[in-house]
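**Q** my questions concern the predicted model and sequence given below.
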Amino acid sequence: MTLYSQTKLTPQQCQRARMSRDARFDGRFYIAVKSTGIFCRPICPATLPKEENVEYFAHQAQALQAGYRPCLRCRPDSAPASWAWKGTETTFQRAISLIDHGALQGKSLADLAERLGISERYLRQLFKTYLGMSPKQYAQYQQLMFAKQLLHHSHLSVTDIGFACGFNSTRRFNDAFQKCLRLTPSQVRREPGSASATNTVSLAYRGPFDWQHMLAFYQLRAIDGIEQVQADRYQRHVMLNGSRAWFAARCASDTHMEIEFELESLRDLRYLVSIWRRVFDLNADMVAIEAQLAKAAPELVIHPGLRIPGVWSPWEAGVRAVLGQQVSIKAAIGQLNLLVRTLNYRQPRPWYFPDPQQVASADLSFLRMPQSRKETLSRLAGFVQQNPHAAVDEWLALKGIGPWTVDYARLRGQSDTNCFLSGDLIVKKALALHPGLTAERVAPWGSYATFQCWNQ
C-alpha cells in the first residue's frame, strides 16, 4: 500500500527526487520496485526503474510489510531518520520512541499502553492509522533493520547481533531475518568481521556537519573524569539501564559518524544508538533547516552545519542549567566539576554523572554558590527522583526553575528543535543585528537559530 498522505510528498515530488537522486530527500521516503521486489533510498545508484514499476513508502517498515526486501547497494537501513508525521501525533511518537528503546523486549503491549496512559486497542489503532501495521510488527521490523545495519557497519558476530537486537537465540534470529528480508545474515555480511577487540558502528547523517564546532562546544563544558575531547573525537562514560558503557565518536566522512563503544549488555545497543543519534543531532536535515533560517534572516547562517550538541539526559541538562544560572560558562563548569568530584570521591575513575537520588540525598553545602541555588538543585533532584517520566515543562512548578532553565534542558537534554532562547543575553544582542528575526519566523528550527546567534 502506497502511503503518500503520510510522506507529505506528492507522487510527482517523489518521482522528481528519485530521478535526480536528490540527497535532500534521503530518509524522507523509500522507493519500492515491483519488478525486483526490492526497496531503495532515493540516492540509490542502481539503474532507475520505470515509474509504473515503482511505489513509495514513508518508512522502511511499510516497505517490509508490503513484502519488499532492502537493497544491498544503497542499504535503506542506513538512511538518516526522517519521520514525515513528526509533530502531528504526540502519543504515537511516544509509542514509537519507547518501542525503539526496547519497550516491547520482554514486556507486553498492555504494559506499553499503560505506560502511555491509553488503551491497548487505541494503541493498535494508532499504528494501523499511521503505519498500517501492528506495534509488534513494527517492533520486529525495526529489530531486523537494525540487525542489518549492524551486519553492514559493525564487527559484532552474528550471534551478538541477534542478541543485541532482542532475539533470545541465533536460530530464532536467523529464521526471522530470512523470513522477512529473504536473505540470511551471512548473505548480508559478505566480508568476515574484523578480529579487533573493539566494537564500532557507523551512523549516517545528511547535510553539512561542523564537527569541530561541536567538539569545541563540548570541550568548554567537559566534565572531568566523565568526558574527554581530543583533536577529532568526543568520548564519555555513561550509565545505561544500570549498566556501564563507554563510547568515542568521530566524523569518519561527510555522510557518516563512526562510534567505538564498550557495553556491558548488548541488549542496550539499540537504545544507545538512538541516544547517539539524538545527542549528535544526526537526524537533522541541515540543508532544509538552514534554507528556512536564511529566509527568516538572510545573514543569520554564517556557520553552516551547526547542530545541537546534546547531553546524555534531560536530568543532566537540568543540572547544568541550574548551575549555570546567572554565571559564566567557566564558573558553571567549575561548580559542575566540583559536584561530580565530591559525589564520586570514593569511586575510582571513570566516574559517572550523579543520578537524582545521589544529589537529592547529598549535603550540597560544599558548592560555592548562593544557598537559594543549592536548594533549587536539591528540589529538582527530589522531583526527578520521584517523577522520572515527568515532562520537563513540569519543572516550572519548582521554586527557582524558570523558563530559561527549562528551555535549556529541552534544548540540550531532549534536542528539541524549536528552542529559540530569545531571552538569552547573547541572543538579544544578535537580534539587534537581525531585526526581522523572530521565534515565529524560525519555527520549527528555533534551536538552530539560537546556535547561529551564539556564534555571530
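**A** Thanks, I have the structure now.
**Q** mind giving me the domain ranges of the chain?
**A** 4-76, 90-188, 200-222+233-264, 314-402 (automatic domain parsing).
**Q** any idea of the mean pLDDT for the third one?
**A** Per-residue pLDDT over domain 200-222+233-264 has a mean of 92.
**Q** same question, the longest one
**A** Domain 90-188 shows an average pLDDT of 86 in the prediction.
**Q** do me a favour and get the end-to-end distance for it?
**A** 35 Å (Cα to Cα, to the nearest Å).
**Q** centre of the chain to that domain, how far?
**A** Mean-position distance between domain 90-188 and its chain equals 17 Å (Cα atoms, centre = their mean, to the nearest Å).
**Q** my read: residue 415 touches residue 310, true?
**A** Yes. Contact criterion Cβ atoms under 8 Å: residue 415 and residue 310 qualify, at 4.6 Å. Just so you know, the C-beta spots here come from the backbone N, C-alpha and C atoms, and that holds for glycine as well.
**Q** what do these two both touch?
**A** Common contact partners of residue 415 and residue 310 (Cβ atoms under 8 Å, 6 or more residues apart in numbering): 278, 279, 281.
**Q** could those residues go into TSV alongside distance to residue 212 and pLDDT?
**A** Formatted as TSV, those follow (distance: Cβ to Cβ, whole Å; pLDDT from 0 to 100):
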residue	distance to residue 212	pLDDT
278	21	93
279	17	96
281	15	95
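**Q** which one (most neighbours) among those?
**A** Counting neighbours by other Cβ atoms under 10 Å, residue 279 leads those with 22 neighbours.
**Q** how close does the residue nearest to it when sequence neighbours are not counted sit to residue 152?
**A** Excluding the flanking residues, the one nearest residue 279 by Cβ to Cβ, 6 or more residues apart in numbering is residue 310, at 3.9 Å. Distance, residue 310 to residue 152, by Cβ to Cβ, to the nearest Å: 25 Å.
**Q** closest to residue 174 out of the shared contacts of residue 415 and residue 310?
**A** residue 278 (31.1 Å; Cβ to Cβ).
**Q** so the closest one makes contact with residue 310?
**A** Yes. Using Cβ under 8 Å, residue 278 makes contact with residue 310 at a distance of 5.7 Å.
**Q** quickly list what's touching both of those two.
**A** The overlap between the contact sets of residue 278 and residue 310 (Cβ under 8 Å, 6+ apart) consists of residue 415.
**Q** on that earlier part again, count of neighbours near the residue nearest to residue 279?
**A** Residue 310: 22 neighbours (other Cβ under 10 Å).
**Q** mind listing the strands in the protein by residue range?
**A** 30-33, 38-40, 54-57, 69-70, 199-204, 227-229, 233-240, 243-251, 256-263 (DSSP state E).
**Q** which parts of the last one are buried?
**A** So the one you mean is strand 256-263. Applying a neighbour-count criterion of 16 or more other Cβ atoms under 10 Å, one finds 256, 257, 258, 259, 260, 261, 263 buried in strand 256-263.
**Q** same check, this time on the fifth one
**A** Of the residues in strand 199-204, those scored as buried under the neighbour-count criterion (16+ other Cβ under 10 Å) are 199, 200, 201, 202, 203, 204.
**Q** could you export those as a markdown table, including distance to residue 387?
**A** Below are the buried residues of strand 199-204 laid out as a markdown table (distance: Cβ to Cβ, whole Å):
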| residue | distance to residue 387 |
| --- | --- |
| 199 | 35 |
| 200 | 37 |
| 201 | 33 |
| 202 | 37 |
| 203 | 32 |
| 204 | 35 |
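**Q** now, which of those residues sits nearest residue 46?
**A** residue 204 (18.1 Å).
**Q** so the closest one sits against residue 79, correct?
**A** Yes. Taking Cβ under 8 Å as the definition, residue 204 is a contact partner of residue 79 at 6.5 Å.
**Q** for the most centrally placed residue in the chain, which residues are in contact?
**A** Geometric centre of the chain, nearest residue: residue 278, 2.3 Å, by Cα atoms, centre = their mean. By Cβ under 8 Å, 6+ apart, the residues touching residue 278 are 310, 414, 415.
**Q** let's see it at 6 Å
**A** 310, 415 (Cβ atoms under 6 Å, 6 or more residues apart in numbering).
**Q** measure it to residue 271 for me?
**A** Distance, residue 278 to residue 271, by Cβ to Cβ: 11 Å.
**Q** between the domains of the chain, which one is nearest to residue 302?
**A** Among the domains of the chain, domain 200-222+233-264 sits nearest to residue 302 (Cβ to Cβ), with 11.3 Å.
**Q** that older thread, figure out which of the domains of the chain is closest to residue 297.
**A** domain 200-222+233-264 (18.1 Å).
**Q** and the closest residue to residue 257 other than its chain neighbours, how far from residue 251?
**A** Leaving aside its chain neighbours, residue 257 sits nearest to residue 203 (4.9 Å; criterion: Cβ to Cβ, 6+ apart). Separation of residue 203 from residue 251 (Cβ to Cβ) stands at 10 Å.
**Q** now residue 397
**A** 40 Å.
**Q** how about residue 155?
**A** Taking Cβ to Cβ, one finds residue 155 at 20 Å from residue 251.
**Q** tell me which residues of the biggest helix by length in the chain come out buried.
**A** Assignment by DSSP state H gives helix 135-153 as the longest helix of the chain. Neighbour-count burial for helix 135-153 flags 135, 137-153 (criterion: 16+ other Cβ under 10 Å).
**Q** tell me where the stretch 251-400 of the chain has helices.
**A** Along the stretch 251-400 of the chain, counting by DSSP state H, counting those that start in this stretch, helices occupy 269-279, 286-296, 314-323, 329-343, 356-361, 371-386.
**Q** so what secondary structure elements neighbour the last one?
**A** Judged by 3 or more Cβ pairs under 6 Å, 6 or more residues apart in numbering; DSSP states H and E, the packing partners of helix 371-386 are helix 314-323, helix 356-361.
**Q** contacting residues around stretch 233-248?
**A** For stretch 233-248, contacts defined as Cβ under 6 Å, 6+ apart pick out 215, 218, 226-228, 249-250, 259-265, 268, 312, 350, 352.
**Q** just the buried residues from those, in PyMOL please.
**A** The following PyMOL line selects those of the contacts of stretch 233-248 that are buried, judged by 16+ other Cβ under 10 Å:
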select buried, resi 215+218+226+227+228+249+250+259+260+261+263+265+268+312+352
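**Q** quick one: which of the helices of the stretch 251-400 of the chain is nearest residue 178?
**A** Nearest to residue 178 among the helices of the stretch 251-400 of the chain is helix 269-279; the distance by Cβ to Cβ comes to 20.4 Å.
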